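1. Need a 3D model of the following:
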Amino acid sequence: MTSVPEVTVTGIRYWIDKPEQLAQLLATSRAYSIADPSGQPQQPDEVVVFTCREEWAKNPGELRDALAEAMGAGAGPAAGSTVATGAVAPVEDRLVFTVEEAAQLLGISRSFAYEAVQRGDIPSMRIGRRILVPKAALERFLESSSG
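-> Predicted coordinates:
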């Protein structure tokens, strides 16, 4: 059976407290979409697309962090935050990178990084039209490549 390269997950608010259950579905289901089973109407800002589903299935903690990041993507800074509205946290404090930032960190070209994401070599997630590379997944990728 061929692996489905991307999976759309709807109802982030539902799944954020159930990362183990979502990880299990990512591991066992070959569906292109995993919906919130609560029956609530789908909200457009609660949709995320994951690539490398097998990697996400192995890491429910990172999955939960990615969902939390996706929920906070349009929410603005948290109370007491030192980051101004519209500002981006320093690279070392962020949980995700853009593909361009990942390319820069890896020392590869932007186009090669996008090709690697498309092939599934670099684990990524899609939020709307944005493609993000989780920091922990990138670190794991580097550790497994240097062995």
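2. distance of the residue nearest the centre of the chain from Leu26?
-> For the chain, Met125 is the residue whose C-alpha lies nearest the centre (C-alpha atoms, centre = their mean; 3.4 Å). In this view, Met125 and Leu26 are 12 Å apart by C-beta to C-beta, to the nearest Å. No exception for glycine: its C-beta is placed from N, CA and C like everyone else's.
3. go on, Glu101?
-> Glu101 is 25 Å from Leu26, by C-beta to C-beta.
4. need the contact list for Pro134.
-> By C-beta atoms under 8 Å, 6 or more residues apart in numbering, the residues touching Pro134 are 62, 65-66, 95-97, 123-125.
5. Find residues that contact each of Met125 and Leu26.
-> Shared contacts of Met125 and Leu26, defined by C-beta under 8 Å, 6+ apart, are found at 50, 56.
6. quick one: the residue nearest to the centre of the chain and Asp65 touch, right?
-> No. Counting by C-beta atoms under 8 Å, Asp65 is not a contact partner of Met125; they are 10.7 Å apart.
7. Ignoring the adjacent residues along the chain, who's closest to the residue nearest to the centre of the chain?
-> Take Met125 and drop its neighbours on the chain: the residue closest to it by C-beta to C-beta, 6 or more residues apart in numbering is Phe50, 4.9 Å away.
8. Bridging across strands, which residues link to that neighbour?
-> Phe50 has these beta-bridge partners by DSSP bridges: Val7, Met125.
9. Pull the number of nearby residues for it.
-> 26 (other C-beta atoms under 10 Å).
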